[in-house]
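Peer 1: Build me a model:
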Amino acid sequence: MFTKSILLKPFWGLISSFLIILIYHILQHLYVENNEHAAVHDTSSAQELYSKGEFLLQKAKYDSSIFYFEKASVIYENDKNWLKYINCFNHIADNLIEKAVYDTAMEFLEKALEVDLEVSTATHPVIAQSYHQIGKICLIKGEYDKAFDYYNKALDIRLETLGASHPAVASSYTGLGNYYYTTDDYQKAHEYYEKALGIRCETLGEYHPHVAGSYDDLGNIFYLKGNYDKACEYYEKALGIRRETFGEYHPDVAGSYDDLGNISCIKANYDKALEHYEKAIYIRLKTFDKNHFSFASSYTGLGNVYYYQNNFKKALAYYQKTLRIYLERYSENHPEVANACTNLGNVYYLKADYEKALEYYRQSLDIYTQAFSEKHPDVAFAYEHLGLVNHGKG
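Peer 2: Residues are numbered from 1 along each chain as shown. Have a look, this model is predicted:
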């Protein structure tokens with residue numbers, strides 16, 4: 001009995017030790033498995049949030065889109081998935097640019113570049129997108145040299161990493177086209193817009209929203225060249241794609257109606273023009289508050305219709321709305337502000353209120369000479385307007 005007890009004690013001790021070790025390994029395996037499952041679940045959740053954000057951005061649900069990208073960014077930061085983390089910031093900036101909240105958008109883009117410096121992804125397409133969006137903001141603010149530099153930084157990275165036929169390269173060509181369009185080099189703008197259209201049709205298909213964007217850009221070029229039928233053809237193509245893709249109540253559809261309103265106005269079909277502009281306003285009110293910058297194009301269009309109809313009271317009211325929006329969106333020395341001042345000067349000139357006309361024309365000239373060279377066409381037109389007023393005063 002005594003002997004058996006001596007033999008059994010270490011035997012049960014060995015079993016106990018074995019069971020403890022076995023249980024430890026089982027628990028460790030379950031812990032690792034659960035953590036791996038949680039990590040996979042987190043990654044899956046982040047991707048779902050990210051995809052939801054992209055979908056809402058396309059649908060112009062900007063605040064909701066920002067919410068999902070912010071949620072996704074927290075998970076990507078915890079997982080140290082830096083490229084996705086940076087891209088969340090890029091997309092938040094996309095939303096803010098559409099909302100015309102440019103300073104906050106710039107903060108997110110600068111944060112993206114700051115993270116990039118820490119994790120060294122400087123030649124990745126995600127960083128190219130940050131540069132591209134900074135270029136867009138600089139162009140809006142009238143910082144043309146900076147815009148040009150950032151657009152080219154983005155293009156260089158995209159060409160190196162993605163190749164010449166990638167849709168992101170088309171976006172860079174569009175950005176550079178916008179630069180040349182804004183600085184009145186329409187031939188160069190036309191070349192870049194054509195390049196972008198070619199890549200987009202080839203890679204995305206002919207009925208993609210980005211293709212519609214290229215048609216819109218080319219329509220603008222033909223409009224400025226006075227080829228209104230060709231411009232209308234491109235605008236109608238863009239509208240068809242946008243309505244098919246987004247439905248009737250989307251800001252891009254509103255933009256197409258503004259474009260068609262401009263064609264109707266220049267052809268003196270004023271009733272049709274009013275119809276287009278009012279449609280654009282109605283659509284935008286479903287997405288934005290009434291002070292959003294995109295309303296300025298509709299207000300300018302309505303002002304033009306009433307100007308040509310000699311209804312100066314209504315023309316002034318709409319041009320003043322445009323000026324208020326531009327002053328809120330841009331600096332006081334931005335060319336768009338000068339354009340709005342020119343329109344107001346034109347009305348006062350026709351009303352023979354020459355002092356008021358001079359006030360607005362001089363303001364336009366001051367802005368144009370700061371933004372452009374002395375040989376720029378807008379500077380020449382500003383001098384011409386001043387000459388007309390002085391002649392009218394006698």
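Peer 1: any idea how far residue 154 is from residue 81?
Peer 2: As judged by C-beta to C-beta, to the nearest Å, residue 81 and residue 154 stand 22 Å apart. Yep, even glycine has a C-beta here, placed from its N, CA and C like the rest.
Peer 1: which of these two has more neighbours?
Peer 2: Each of residue 81 and residue 154 has its neighbours counted (other C-beta atoms under 10 Å); residue 154 has more, 27 against 18.
Peer 1: isn't that one right up against residue 123?
Peer 2: No: Residue 154 lies out of contact with residue 123 (C-beta atoms under 8 Å); the separation is 11.4 Å.
Peer 1: Tally up the residues packed near the closest residue to residue 167 other than its chain neighbours, please.
Peer 2: Distance criterion C-beta to C-beta, 6 or more residues apart in numbering; nearest residue to residue 167, sequence neighbours excluded, is residue 203 at 5.2 Å. Around residue 203 there are 16 other residues, counting by other C-beta under 10 Å.
Peer 1: got the contact list for residue 203?
Peer 2: 165, 166, 167, 170 (C-beta atoms under 8 Å, 6 or more residues apart in numbering).
Peer 1: Tell me the backbone dihedrals of residue 166, please.
Peer 2: Note on residue 166: its backbone torsions stand at phi -100, psi 140 [degrees, to the nearest 10].
Peer 1: Please tell me how far residue 368 sits from residue 58.
Peer 2: With C-beta to C-beta as the criterion, residue 368 and residue 58 are 37 Å apart.
Peer 1: Looking at the two, which has the bigger crowd around it?
Peer 2: Each of residue 368 and residue 58 has its neighbours counted (other C-beta under 10 Å); residue 368 has more, 25 against 14.
Peer 1: Please tell me how far that one sits from residue 250.
Peer 2: 34 Å.
Peer 1: same check, this time on residue 353
Peer 2: From residue 353 to residue 250 the distance is 41 Å (C-beta to C-beta).
Peer 1: quick one: which of these two has more around it?
Peer 2: Applying other C-beta under 10 Å to residue 353 and residue 250 shows that residue 250 carries more neighbours, namely 21 against 15.
Peer 1: quick one, what contacts residue 216?
Peer 2: Applying C-beta under 8 Å, 6+ apart to residue 216 gives the contacts 234, 235, 238, 255, 256, 259.
Peer 1: Same check on residue 125?
Peer 2: Counting by C-beta under 8 Å, 6+ apart, the residues that residue 125 touches are 157, 158, 161, 162, 168.
Peer 1: give the contact list for the fourth one.
Peer 2: What that stands for is residue 162. 125, 168, 169.
Peer 1: do you know how far the residue nearest to the last one when sequence neighbours are not counted is from residue 133?
Peer 2: With C-beta to C-beta, 6+ apart as the measure, residue 158 is the residue that lies nearest to residue 169, at 4.9 Å, once sequence neighbours are left out. Taking C-beta to C-beta as the measure, residue 158 and residue 133 are separated by 13 Å.
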